[in-house]
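# After the sequence you'll find the predicted model.
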Amino acid sequence: GLQCELPSSLLYDYVFNLETQQWIAWMQTCEKYAVSANKLFSDIIVPTQDSIRYTYLLDILMKQDIHTLFTGDTGTGKTVNVQQYINTLSSKQYQPLIMIFSAATTAKQIQNTLDDRLDTKRRQHVYGPPLGTRCVYFVDDLNMPQREIFGAQPPIEFLRQWLDHKGWWKRIPFHTFCNVLDIVMIGAMGPPGGGRNPVSNRFLRHFNQIAHTELEFDSLFMIFNTILSGKMSEYNADIQSMIENMVKASIDVYFKVCESLLPTPSKSHYTFN
């Protein structure tokens, strides 16, 4: 049997390494991230315990062709984590397709995009990405499409048709049902409200759902301490010694603001991330 002791803290903070038969903290599974002073702020993505965990689960699900849905509030890193993972995939094995839904997205727009990208004919009425590859279809803001009078969302219903029946009806040739192979779907969406709508359970049942929680103090501290330390690496030692306290104070103010300035109908702009 396994000869190892359980971690003294939360088990969720560790991953089990089968080779060494040891529990390893998530942060120890990747190299330490460093920020250079001249790096663009938009290019900085600091890995945290949460992001490493989510990417690990996504990788396992992707390799098993299991559709995955990330849920969580704005600012929890859903889109960034997925896009960063997709960028690491081999172009010889995977063909990424990224779409961002809005209230104006229609079923026809989605079908036209998918038909254009999945135009390799495998055999009669069977299509897919180029032979030997898989299409990674990532949809951000999945629950943004407007509901019609009966409560359905046509773009969602089109995707559900594919998930239920492994294909869809082609517009050309007219009224021809075609099977579509080798697609794995990743979705990301926030909770209903603010333009986002509830999504049918008949659609959600096809996904393995992973909830992104709000970033805790330790994760926020790691992100901003890493960024500020890198950006101020050329400053003198007296200023650099203040970085840690500056970051802690800023995060404390952020949590106080979120706690006391709650959004109300008259002050709906009180949302922070």
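Looks like it arrived, so ask away.
# show me where the chain has strands.
For the chain, the strands defined by DSSP state E cover 14-17, 22-25, 68-71, 94-100, 120-123, 126-128, 134-140, 167-170, 176-180, 183-189, 208-211.
# what's the longest helix in this protein?
Longest helix of the chain, by residue count under DSSP state H: helix 243-260.
# got the buried residues for that helix?
For helix 243-260, burial by neighbour count (16 or more other C-beta atoms under 10 Å) applies to 243, 247, 251. Just so you know, the C-beta spots here come from the backbone N, C-alpha and C atoms, and that holds for glycine as well.
# quick one on the thing from earlier: Throw the strands of the chain into a markdown table and include mean pLDDT, thanks.
Converted to a markdown table, the strands of the chain look like this (pLDDT from 0 to 100):
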| stretch | mean pLDDT |
| --- | --- |
| strand 14-17 | 89 |
| strand 22-25 | 89 |
| strand 68-71 | 96 |
| strand 94-100 | 95 |
| strand 120-123 | 88 |
| strand 126-128 | 92 |
| strand 134-140 | 95 |
| strand 167-170 | 91 |
| strand 176-180 | 91 |
| strand 183-189 | 96 |
| strand 208-211 | 94 |
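# about what we covered before: which of the buried residues of helix 243-260 sits closest to Arg196?
Nearest to Arg196 among these: Ile251, at 27.2 Å, using C-beta to C-beta.
# Find me the pLDDT at that closest one, would you?
Looking at Ile251, its pLDDT stands at 93.
# is it true that it touches Phe224?
Yes - with contacts counted by C-beta atoms under 8 Å, Ile251 reaches Phe224, the gap being 7.2 Å.
# So what touches the longest helix of the chain?
217, 220-221, 224-225, 228-229, 232, 272 (C-beta atoms under 8 Å, 6 or more residues apart in numbering).
# Verify the stated contact: Asp140 with Leu97.
No - here Asp140 lies out of contact with Leu97, judged by C-beta under 8 Å, at a distance of 11.9 Å.
# how far away is the residue nearest the centre of the chain from Leu57?
The centroid of the chain falls nearest to Lys78 when counting by C-alpha atoms, centre = their mean (3.3 Å). Distance, Lys78 to Leu57, using C-beta to C-beta, to the nearest Å: 13 Å.
# What does the pLDDT read for the residue lying farthest from the centre of the chain?
In the chain, counting by C-alpha atoms, centre = their mean, Asp238 sits farthest out from the average C-alpha position, at 39.1 Å. In this model, Asp238 is scored at 90, pLDDT.
# same question, Ser8
With respect to pLDDT, Ser8 scores 81.
# just the helices in the chain please.
Secondary structure of the chain (DSSP H): helices located at 49-63, 78-87, 107-117, 154-165, 201-204, 217-231, 237-240, 243-260.
# Pipe those into CSV and attach distance to Leu131 per row.
Formatted as CSV, the helices of the chain follow (distance: least, C-beta to C-beta, whole Å):
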stretch, distance to Leu131
helix 49-63, 19
helix 78-87, 21
helix 107-117, 14
helix 154-165, 20
helix 201-204, 29
helix 217-231, 42
helix 237-240, 55
helix 243-260, 50
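# what about those, which gets the closest to Phe41?
Phe41 lies closest to helix 217-231 among the helices of the chain, at 7.7 Å (C-beta to C-beta).
# show me what contacts Leu6?
Leu6 sits next to Trp23 when contact means C-beta under 8 Å, 6+ apart.
# roughly how far apart are it and Leu57?
Distance from Leu6 to Leu57, by C-beta to C-beta: 21 Å.
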